[in-house]
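just coords:
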C-alpha cells in the first residue's frame, strides 16, 4: 500500500530545520582562528608549548603568526621568544650547534588533535627551515584548510 504524499508546504518547516541544524553543527567545527584570550586558544597554545619546554630545557613565549582550529585539529605557527620577548637564543640547548651554523629558525609549528576533549600533540618542529607541515594532511589526516591562511 503506498504511503500518502504530504504536500511540500507541510514539509518545508522540517527541511528548513534540517538545514539550520546542519549549518550550525558545521559552523561549530568549521576551521577558524580562535579569539585572543579565549580558553580554546590558550589550551591549544599551552599544549604546544609543553614539548618545546621539554626539548629545549627552558620556557618560551610564542609570538603567534597563525593559529587555526577545526574538524578536531589545531595548527600553531609561532616565533619563539625568551621570557623578555627577545627572539630565542638557542645557546645552552640541544640545538645550539645547529643554530650557530644557521640551520634552525626561531619558528615553531605544531599539529594537535582533540582527543576526548583534550589537545594531543601529533607533530611539531622546533626551528624548521622549510615548510614541514605541508606533508601533515596526508600523514596524519588533518584537513588541508587548517594550514591555509
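All right, it came through fine. Since the structure is predicted, the reported quantities are computational estimates derived from the model, not experimental observations.

so in the chain, where's the weakest helix or strand by average pLDDT?
The element with the least model confidence among the helices and strands of the chain, by mean pLDDT, DSSP states H and E, is helix 8-28, at a mean of 44.

can you pull out the strands in this protein?
Taking DSSP state E as the criterion, the chain carries its strands at 61-70, 73-81, 107-115, 118-126.

pLDDT weak spots in this protein?
Counting by pLDDT under 70, the chain contains low-confidence residues at 1-29.

can you list the strands of the chain in JSON lines and add mean neighbour count and distance to residue 88?
For every residue, glycine as well, the C-beta is placed using N, CA and C. Output for the strands of the chain, formatted as JSON lines (neighbours: other Cβ atoms under 10 Å; distance: least, Cβ to Cβ, whole Å):
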{"stretch": "strand 61-70", "mean neighbour count": "17", "distance to residue 88": "9"}
{"stretch": "strand 73-81", "mean neighbour count": "22", "distance to residue 88": "4"}
{"stretch": "strand 107-115", "mean neighbour count": "21", "distance to residue 88": "9"}
{"stretch": "strand 118-126", "mean neighbour count": "17", "distance to residue 88": "9"}
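
how about those strands, which one is nearest residue 49?
Using Cβ to Cβ as the criterion, the shortest distance between residue 49 and the strands of the chain is 6.6 Å, found for strand 61-70.

so that closest one versus strand 73-81, what angle?
Inter-element angle recorded for strand 61-70 and strand 73-81: 170 degrees (by axes from the mean of the first three to the mean of the last three Cα atoms, to 10 degrees).

so what touches strand 61-70?
29-34, 40-41, 44-45, 48-49, 74-83, 85, 107-108, 143, 145-149 (Cβ atoms under 8 Å, 6 or more residues apart in numbering).
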